[in-house]
Structures are given as structure tokens and as C-alpha cells.
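Enquirer: structure for this input, please:
(one chain, ligands or ions: 1)
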Amino acid sequence: MKIAVIGTGYVGLVTGTCLAETGNNVICVDIVEDKINKMKSGILPIYEPGLDILFHRNIEQGRLNFTTNLADAIKDAVIIFLALPTPPGGDGKADLSYVLGAAKDIANLITDYKVIVTKSTVPVGTADKVKAVFKENTLIDVDVVSNPEFLREGVAVEDFMKPDRVVVGSSSEKARKLMEELYGPYVRSGNPVIFMDERSSELTKYAANSFLATKITFMNEVANLCELVGADVDMVRKGIGSDARIGKRFLFPGIGYGGSCFPKDVQALAMSSKEYDYSFKILDAVMDVNQTQKLKIVEKMIKYYNGDLSGKKFALWGLAFKPETDDIREAPALYIIDELTKAGAEVVAYDPEAMENVKKMKGDVLSFVENPYDALKDADALIIATEWQLFRNPDFDLMEKNLKSKVIFDGRNLYDLHKMIDLGYYYNSIGRATVES
Ligand code: UDX
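Expert: Next comes the predicted model:
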């Protein structure tokens, strides 16, 4: 099939590349010329495991192309994906100007039937707004489909190629058939393509992300309570996760959820509910708890150092909001850096992928090293903010040699408590007993 993908951000690029991989002819469009030129010469602008192989293969085999010319891209396309940003506007609601602007441009260019697919996370009712834009600007017949993405950064290729489910919101039989054909190769193992109306599909995306954010937040609160009552959250997690109704996944407590989706989507769902005079109370609590959870680790440090962090030097392992990505959007590490440096502490950070991004944003308030053990040199403590695999089994001898004091504040529960006792550390993690050797 001939496909156009408008917007080459994270979602557009993964979508375009993975659609080319099953034999479709894909043209990706963006207004940023420099980005398009780089991609034409084979430079992938994002870090996502496994994407580069598919990206290069499909460019070489001619199925994946890039352009800044919208007219060229959509001329022969049957399906046009809109993968444009929907940032929170000043009022906290998703800003639809990019999506609706592109819809207008497309409407003014098309000369034959198209399926227009909204891939961006958009508020309920957006498909209707897109339909209205086409009605106002063209007489050509189009179908507008909602097809939310459920891609986790770090495993986005796997999520696209083997989805648990594909959700398609469409009231048109013709569009449904085309979407079913398009996604057929991805659901061969029997996972469903779930067809529904556009509004249900739009809400499905927000409900899924808000539910997951709530699940994590619930566990963060359980962890906080564990610390107070002397229980171990790892045990509680295993105890409840074995109940199939609860499930084992997304029960890991930490320093709050971050990233480009959960914070934005929880906020947008809470705000848009208010438009319908409905107060989605649980989401207000989720946002509130998540904000305080990000800074819990700093609170613990302030207590440990008797209220004075000035002149202290801290090593920070992990900057990305989660492992296997260089994405630092809403990363808890950024909040931790701000609080520590405001309190007069020095921060030396290491992250395998995200250091460049943090340098651009906060290069003047902290320093960076190319090796995790260099960050530990003369540090008063180590703080762990992202659970990268390479932090899970570190060289404890070298760690001890470099650290000034054997103190670890672990926001991701990476180490076994007995091991920390044996190694003689002060070890403070989330929802577990503090090791005070
Ligand atoms: C999420 C959704 O999972 C995906 O379906 C959606 O389309 C986009 O948003 P992503 O933001 O890439 O994906 O990351 P995810 O793996 O879901 O993690 C989100 C945040 O939750 C991270 O900050 C992570 O550290 C945190 N998290 C996750 C926990 O704190 N505990 C957990 O058990 C799981």
C-alpha cells in the first residue's frame, strides 16, 4: 500500500519505518528541512533500539522516503497518517493546531479518496473536528480514522511489529477494510484489531495511559506506606501481582513516572473531563502524588544530611526518564538535579544515552562524565535515577574505591538489601528497609 506519514517525530518515524518493513511504500513528511535532509542521507534523529536496522534497510530498498513536499507525499497515498505533536496548551488541554492545520493543507491538495488517520494522542472529538475541516475545504470523499499508538519508548519497534492489540476507530466500512489489510501482517499471531467508533478509540488511548500511571502511582503510595510500617514493597508487589486480576507488570515503585506520554495524557484527560462537568478525581490525586514522589529521594537526603546539602558532591546515575532511551521529557532526574543544586550541592552525572540532551538544557548547573565510576570520585553519595542494565551489577570494588562515603540513595531499587548490608553501605531505596551499616 502507498502510505504518507505527516510528522517525523518519534511516533511518525517508528510508524513509517515499521509500515515500510512489511512491504508498504512509505513517504514521511516534515517541515524541518534539515531533519529531512539528514534522514535522506541515512541519519536517524532519535535513539530507539532496533529502529536503525529497519530504517536503513527500508531506505536502501526504496520503500522508505522523506520529503518536505506535502503535495508529492500524499499524491499517490491511500492512507495518510497524522503523527503531529499535540502539546499541552496554556489551559492544559492538547493543542490541536498542528493536526487541524495539516488536515486543512491536505484537504486543499487532494484529488481522490483518502483515509486520514490520526495517530497522535488527541482529545475525544478530534476525529469529528478533522472531518469538519475536510468538509469545509474539499468536495473529495475522505474517511477519518482514529488509530492511537501504544508504543513504549525503548521497545517501540517490538510494540509496533507485534502489538498486543491495534485499536481502530472508524464509522466507515471501506476505511476499516483498508486498516485491517494494513495491520494484518502485524497481528498474525492472533492478537486483535479492535474496531470501534472514533470517540471510543480516542478515549481508549487516554484511559490506557491514565490507568497505567494510576497503577504505578498506587504502588508508589504502597511503597511510601511500606517505609512507615516496616513492610517490604518487593514482597507486597509479588504478593499482589500474582493475582491475575492485578497482573505483574507496571507495579514497580520508583521516583515517579515521567516521559512524553503519561504526564501529558493524565493531565489532558483530567482537564477534558472537566469540560464535560465531570471531575475525574482519581487523576487529580495521581498527578499530585507523582509530583511529590519525584522529590521524595531529595527529602530523604535532606533528612540524612540534617537539613544541609550545601558543599556536598553527589554522583547521579541515570538521566533519561527510563532506560533504553535518550528522552528526558519530565524525567524525575531533572527535578532531583534542580532541588540538589538549589540547595548548594554539586552534581556529577552519567547516563549512557541522555547526557547530550541534559547538557543542552542544564549544562551550566551540573557536570557530566563519560564513565559511571568517574562520577563517584570523591562523591558524598550515589543517587540512582534510571534503571539502566549496566547499573544493576556494578563493580562494587571500584565503587567503594571512588566514593568518599559508602552512601547510596536508590530511586529504582536495583540492589539486594542483604548485599548492601554485607558491603557495609548506607542504602536507602523505595519502600524497603533502610540499610544502615
Ligand atoms: C507509555 C505507554 O506505556 C505507551 O503504551 C504509550 O503509548 C506511551 O506512553 P513510555 O512513556 O515510553 O510509554 O514508557 P513506559 O515504559 O510506559 O514508562 C512510563 C513511566 O512509568 C516511566 O517514567 C517509568 O519509569 C515509569 N514506570 C513504569 C514505573 O515507575 N514503574 C513501572 O512499573 C513501570
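Enquirer: quick one: terminal-to-terminal distance for stretch 337-350?
Expert: Across stretch 337-350, the straight-line distance between its terminal residues is 12 Å, by CA to CA, to the nearest Å.
Enquirer: tell me how far that stretch is from the chain's mean position?
Expert: For stretch 337-350, the distance from its own C-alpha centre to the chain's C-alpha centre is 24 Å (CA atoms, centre = their mean, to the nearest Å).
Enquirer: likewise stretch 53-66?
Expert: For stretch 53-66, the separation from the chain centroid amounts to 25 Å (computed by CA atoms, centre = their mean).
Enquirer: return the set of buried residues in it.
Expert: With burial defined by 16 or more other CB atoms under 10 Å, the residues of stretch 53-66 counted as buried are 54, 55, 58, 59, 63, 64, 65, 66. Backbone N, C-alpha and C define where each C-beta goes, glycine included.
Enquirer: for stretch 197-216, same thing?
Expert: In stretch 197-216, residues buried by neighbour count (16+ other CB under 10 Å) are 198-199, 201-206, 208-210, 212-216.
Enquirer: quick one: which of those is nearest the ligand?
Expert: Within the set of the buried residues of stretch 197-216, residue 216 lies nearest the ligand; the separation is 4.4 Å, counting by CB to the nearest ligand atom.
Enquirer: surely that closest one is in contact with residue 252?
Expert: Yes. Using CB atoms under 8 Å, residue 216 and residue 252 qualify as a contacting pair, with a distance of 7.5 Å.
Enquirer: you'd agree residue 133 is up against residue 107?
Expert: Yes. Counting by CB under 8 Å, a contact exists between residue 133 and residue 107, whose distance comes to 6.1 Å.
Enquirer: identify the contacts common to those two.
Expert: None of the residues lies in contact with both residue 133 and residue 107 under the rule CB atoms under 8 Å, 6 or more residues apart in numbering.
Enquirer: just give me how far stretch 110-122 sits from the chain centre.
Expert: Averaging C-alpha coordinates over stretch 110-122 and over its chain gives two centres that are 24 Å apart (CA atoms, centre = their mean).
Enquirer: so how far is the ligand from the residue sitting furthest away from the middle of the chain?
Expert: Within the chain, residue 139 marks the point farthest from the mean C-alpha position, 38.4 Å out by CA atoms, centre = their mean. Residue 139 sits 36 Å away from the ligand when distances are taken as CB to the nearest ligand atom, to the nearest Å.
Enquirer: now the phi/psi pair for that residue, please.
Expert: phi -100, psi -10 (degrees, to the nearest 10).
Enquirer: and the helices in the stretch 251-400 of the chain?
Expert: Along the stretch 251-400 of the chain, counting by DSSP state H, counting those that start in this stretch, helices occupy 262-275, 281-304, 332-342, 355-362, 372-375, 396-402.
Enquirer: nearest to residue 433, out of those?
Expert: Across these, residue 433 has its closest neighbour in helix 281-304 (13.2 Å, CB to CB).
Enquirer: if we can go back for a sec, considering only the buried residues of stretch 197-216, which also neighbour the ligand?
Expert: Restricting the buried residues of stretch 197-216 to those adjacent to the ligand (criterion: CB under 6 Å from any ligand atom) gives 209, 212, 216.
Enquirer: the first one contacts residue 265, doesn't it?
Expert: Yes. Contact between residue 209 and residue 265 holds when scored by CB under 8 Å: they sit 4.1 Å apart.
Enquirer: can you check which residues contact both of those two?
Expert: residue 121.
Enquirer: in the sheet, who's paired with residue 195?
Expert: In this structure, residue 195 has the following beta-bridge partners (DSSP bridges): residue 168.
Enquirer: so what's it up against?
Expert: 168, 169, 170, 176.
Enquirer: flag the shaky bits of the protein, pLDDT-wise.
Expert: The chain contains residues with pLDDT under 70 at 92.
Enquirer: spell out which residues of this structure are next to the ligand.
Expert: Proximity of the chain to the ligand is assessed by CB under 6 Å from any ligand atom, with 149-153, 209, 212, 216, 250-252, 254, 257-259, 261-262, 321-322 identified as the residues in range.
Enquirer: from these, keep the buried residues only.
Expert: Those of the residues of the chain next to the ligand that meet the buried threshold are 149-151, 153, 209, 212, 216, 250-252, 254, 257-259, 261-262, 321-322, by 16+ other CB under 10 Å.
Enquirer: before we move on, the earlier item: restricted to helices, list the ones next to the ligand among the buried residues of stretch 197-216.
Expert: For these, the ones inside helices are 209, 212, 216, with DSSP state H as the criterion.
Enquirer: give me the residue from the stretch 51-200 of the chain nearest the ligand.
Expert: Across the stretch 51-200 of the chain, the shortest distance to the ligand (CB to the nearest ligand atom) belongs to residue 153, at 3.5 Å.
Enquirer: for the nearest residue to that residue once chain neighbours are set aside, give me its contacts.
Expert: The shortest distance from residue 153 to any residue that is not its chain neighbour, by CB to CB, 6 or more residues apart in numbering, is 4.3 Å, and that residue is residue 325. Under the criterion of CB under 8 Å, 6+ apart, the contact partners of residue 325 comprise 47, 48, 153, 154, 353, 354.
Enquirer: residues near the closest residue to residue 335 other than its chain neighbours, how many?
Expert: Ranked by CB to CB, 6+ apart and with sequence neighbours excluded, the top spatial neighbour of residue 335 is residue 294, at 4.5 Å. Number of residues near residue 294 (other CB atoms under 10 Å) recorded here: 24.
Enquirer: thought residue 294 was touching residue 337?
Expert: No. Applying CB under 8 Å as the test, residue 294 and residue 337 come out as separate, 11.2 Å apart.
Enquirer: determine the residues that are contacts of both of these two.
Expert: Listed contacts common to residue 294 and residue 337 are nil; contacts here mean CB under 8 Å, 6+ apart.
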